[in-house]
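[1] Structure for this input, please:
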Amino acid sequence: MLSDNHWIVPTIAGEYRVNKPPTMGWFIAASMMVFQSKAEWVARLPAMLAGVGTCLLLASMTTRHLGRRVGLLTGLLTATSLFVLTQARLSEADMPLVMFVVLAFWVISRFIHQAEVGKTELAAAAPVVGWSVMFFFAVGMSFLLKGVGPIFVLPAAVVYAGLARDRQAWRIMIHPAGLVLFIVMLVAWPTAAYYTHPQIVDAWNREIIQRVTGSLGETLGKGDPFFLYLYTIPMLLLPWFPLTVIGAVAAVKRQWFRHRFGLLLLCWFGVGFVLLHFNSWKHLHYSMPILPACMPAAGVGLVLLLRYNYAQKKPRHLLTTVAILLTCGIAAAVFRFQKFPGATDIAILIGLLGIGAAVLPWLEHKRWLKLQIAWMFALAWLIVAGVFWRVVPHHDAYRSSAELARRVNEIVPKTMPVTLFGLGEHHIAYYLDRPMRRIDDLTRGSDVAALPRPAYVLAEALAEPLLEKVARVEALDKRHALGKREAEANRVKLYIIR
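    Sure, this is the predicted structure:
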């Protein structure tokens with residue numbers, strides 16, 4: 001965007017990027033302009049700030065309804081949960097999308113609080129124009145980030161308002177000022193994008209209609225099981241999923257759903273969870289906008305667990321410590337003798353986790369509650385940092401692509417272009433610092449043959465026989481790691497054509 005001024009429909013390697021709205025690109029470009037840098041941390045900064053914003057909004061929302069202690073713990077649990085720590089470090093739209101979804105529900109929760117503390121008349125008389133504008137701004141931004149964002153807000157908000165008979169929520173959602181703003185945000189960019197690049201309509205059909213119906217998965221030969229979210233959601237809520245279960249069970253026993261805040265959280269998660277299954281194309285991160293709805297339950301679960309442990313007249317701290325050390329020791333030994341990449345690092349981290357977790361019963365024995373909580377979150381941060389530092393690089397295809405791109409930048413002379421053959425909008429292009437051109441259609445081997453020699457080409461291994469038919473080809477380098485759904489034929493290589 002900064003180099004070619006394509007702000008409405010951005011380009012990648014000289015071709016229009018049509019799969020996603022450009023808003024995340026706007027955020028990254030703004031960050032680069034502010035810091036006058038193209039460093040990786042600058043590109044990741046908007047997602048990092050969105051992660052912080054998500055935690056603060058959830059903490060604020062929960063504090064208002066469940067008290068300061070639960071609110072603070074909810075924010076800390078969110079900040080150390082897998083879904084935030086994973087996505088907040090990526091220069092992708094998912095974390096900002098989550099933040100704006102949380103902001104929309106935060107607006108509704110403010111009026112719930114006024115009604116539940118006996119200020120119903122004040123809430124009913126309060127001007128809602130500002131809150132309606134903020135609500136629909138958040139919903140509109142969720143659309144501009146990923147297109148499907150409003151699906152995670154509006155249906156849940158309507159269901160909640162209907163079940164709770166919440167007139168203030170209805171007032172927010174039907175106020176003309178907010179609706180006008182939302183319509184403008186819903187129409188402005190698609191209209192400008194259509195006039196800039198009319199073929200983008202085909203991409204919208206592919207990204208929306210074909211994903212929902214499943215025809216895109218049939219075309220690409222990819223698919224996920226219907227029950228994917230039944231195990232990926234607990235995984236993304238780690239390491240705090242057990243606390244979420246404790247809090248959810250307590251919520252059912254105490255009939256949270258009879259209270260407006262509990263009902264709002266239930267609709268937020270439940271309606272979104274149902275709608276996710278109408279999409280035939282499923283993916284791990286698609287459930288992220290509904291995950292924050294689980295975090296207040298985790299905060300309650302932690303408070304209940306600590307309260308239960310400190311109320312025990314005969315606590316078994318020594319037995320708990322031995323069990324932790326024994327379990328982690330066995331797990332570390334099992335991973336130590338595995339052969340897959342990163343197994344030894346995992347074993348070391350499990351050992352460190354066991355040693356660190358063994359301190360918690362001792363702190364509880366000393367009745368140092370605040371220090372125990374601080375140690376628990378510090379340990380979580382350290383283990384996660386270790387995972388990202390030592391384990392993720394073995395399995396992160398993005399990092400492998402970035403490393404290949406850096407080597408390409410060293411191999412290819414600065415004035416020589418790099419041709420992406422059959423790669424489409426591959427993420428490796430973001431790391432290349434050389435002129436680029438794209439040939440997306442693998443049947444266009446004649447275009448490759450027409451390139452001035454020598455020519456540098458990035459392509460998957462499956463394209464190598466096609467290149468050999470039109471020129472003399474030599475592989476110079478390759479991407480080392482493969483993604484979850486990739487085979488050897490999908491390994492990206494750098495070729496030189498002479």
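[2] show me what contacts the nearest residue to G356 once chain neighbours are set aside?
    Spatial nearest neighbour of G356, excluding adjacent residues (CB to CB, 6 or more residues apart in numbering): L379 at 4.3 Å. All C-beta atoms are positioned from the backbone trio N, CA, C, and that covers glycine. L379 sits next to L353, G356, A357 when contact means CB atoms under 8 Å, 6 or more residues apart in numbering.
[3] how close does L379 sit to A357?
    Distance of L379 to A357, computed by CB to CB, to the nearest Å: 7 Å.
[4] One more: I12?
    Relative to A357, I12 is positioned 45 Å away (CB to CB).
[5] returning to what we had before: can you pick the most crowded of the contacts of L379?
    Taking other CB atoms under 10 Å as the neighbour criterion, L353 ranks highest of those with 21 neighbours.
[6] what's the nearest residue to that one if we skip its chain neighbours?
    Nearest residue to L353, sequence neighbours excluded (CB to CB, 6+ apart): I383, at 5.4 Å.
[7] Then R336?
    For R336, ignoring the flanking residues on the chain, the nearest one in space by CB to CB, 6+ apart is A347 at 4.1 Å.
[8] circling back: what pLDDT does the model give the residue nearest to L353?
    At I383, the model reports a pLDDT of 90.
[9] Point me to the helix or strand that includes it.
    I383 belongs to helix 369-386 when elements are defined using DSSP states H and E.
[10] hmm, who's touching the helix or strand just after that helix?
    Next in sequence after helix 369-386, counting helices and strands by DSSP H and E, comes helix 397-411. For helix 397-411, contacts defined as CB under 8 Å, 6+ apart pick out 40, 90, 392-393, 418, 426-428, 430-434, 456, 458, 476-484, 486, 492, 494.
[11] Show me these that map onto strands.
    V418, Y456, L458, L476, D477, K478, V492, L494 (DSSP state E).
[12] Sort out which one of those residues lies nearest H277 for me.
    In terms of CB to CB, no member of these lies closer to H277 than V492, at 33.4 Å.
[13] who's in contact with that closest one?
    S401, L404, L423, H426, I428, L458, A459, E460, A461, K478, R479.
[14] Kindly indicate the member of those residues with the most neighbours.
    When neighbours are counted by other CB under 10 Å, L458 leads the contacts of V492 with 29 neighbours.
[15] How about it: what's its closest non-neighbour residue?
    Closest residue in space to L458, ignoring its immediate chain neighbours: L420 at 5.2 Å, by CB to CB, 6+ apart.
[16] Tell me how many other residues surround that neighbour.
    When neighbours are defined as other CB under 10 Å, L420 has 24 of them.
[17] cool, the one 5 residues further on as well?
    By the other CB under 10 Å criterion, the neighbourhood of E425 contains 18 residues.
[18] Now the phi/psi pair for it, please.
    Torsion angles at E425 (phi, psi; degrees, to the nearest 10) stand at phi -90, psi 60.
[19] tell me the pLDDT at it?
    pLDDT, E425: 75.
[20] Go through the helix holding I383 and flag the buried ones.
    By neighbour count on 16 or more other CB atoms under 10 Å, the buried set for helix 369-386 is Q372, I373, W375, M376, L379, A380, I383, V384, G386.
[21] if I look at the last one, how far off is A378?
    G386 is 13 Å from A378, where distance means CB to CB.
[22] Quick one: residues in contact with the host helix or strand of L72.
    L72 belongs to helix 68-79 when assigned by DSSP H and E. With contacts defined as CB under 8 Å, 6+ apart, helix 68-79 is touched by 51-52, 54-56, 58-64, 66, 84-85, 240, 243, 292, 295-296, 298-300, 302-303, 373, 377.
[23] give the contact list for G342.
    Contacts for G342 were tallied using CB under 8 Å, 6+ apart; they are R390, V391, P393, H394, H395.
[24] so how far is A93 from the first one?
    With distances defined as CB to CB, the gap from R390 to A93 amounts to 28 Å.
[25] the more surrounded of those two?
    For R390 versus A93, neighbours defined as other CB under 10 Å are more numerous around A93 (25 against 15).
[26] I'd say that one and W26 touch.
    No: between A93 and W26 there is no contact under CB atoms under 8 Å: 10.7 Å.
[27] can you give me the strands in this protein?
    For the chain, applying DSSP E gives strands covering 11-12, 15-16, 418-421, 436-439, 455-460, 473-478, 492-497.
[28] now the angle between helix 397-411 and the fifth one, please.
    If I follow you right, that is strand 455-460. 170 degrees (axes from the mean of the first three to the mean of the last three CA atoms, to 10 degrees).
[29] Pairing partners for strand 455-460, with directions?
    Strands that pair with strand 455-460, judged by DSSP bridges, come out as strand 418-421 (parallel), strand 492-497 (antiparallel).
[30] which residues are contacting it?
    408, 411-412, 416-423, 426, 428, 448, 451, 467, 489-497.
[31] From the contact counts, what lies against the longest helix anywhere in the chain?
    Under DSSP state H, the helix in the chain containing the largest number of residues is helix 40-66. Packing contacts for helix 40-66, counted by 3 or more CB pairs under 8 Å, 6 or more residues apart in numbering; DSSP states H and E, involve helix 23-35, helix 68-79, helix 82-87, helix 94-116, helix 295-311.
[32] Low-confidence stretches in the protein?
    Across the chain, the ranges flagged by pLDDT under 70 are 1-4, 13, 113-126, 206-224, 395-397, 484-485.
[33] Could you list the buried residues of stretch 403-414?
    For stretch 403-414, the neighbour count (16+ other CB under 10 Å) marks E403, L404, A405, V408, V412 as buried.
[34] What is the most widely separated pair among those?
    Maximum distance among the buried residues of stretch 403-414 (CB to CB): 15.1 Å, for E403 and V412.
[35] so what's the residue nearest to A88 when sequence neighbours are not counted up against?
    Once flanking residues are discounted, A88 sits nearest to G51: 2.9 Å by CB to CB, 6+ apart. Each residue near G51 by CB under 8 Å, 6+ apart is listed here: A79, V84, L85, Q87, A88, M95, M99.
[36] quick one, phi/psi of S280?
    Torsion angles, degrees, to the nearest 10, at S280: phi -70, psi -30.
[37] Quick check: the gap between it and E486.
    As judged by CB to CB, S280 and E486 stand 21 Å apart.
[38] Between those two, which has more neighbouring residues?
    When S280 is set against E486 and neighbours are counted by other CB under 10 Å, the residue ahead is S280, at 17 against 14.
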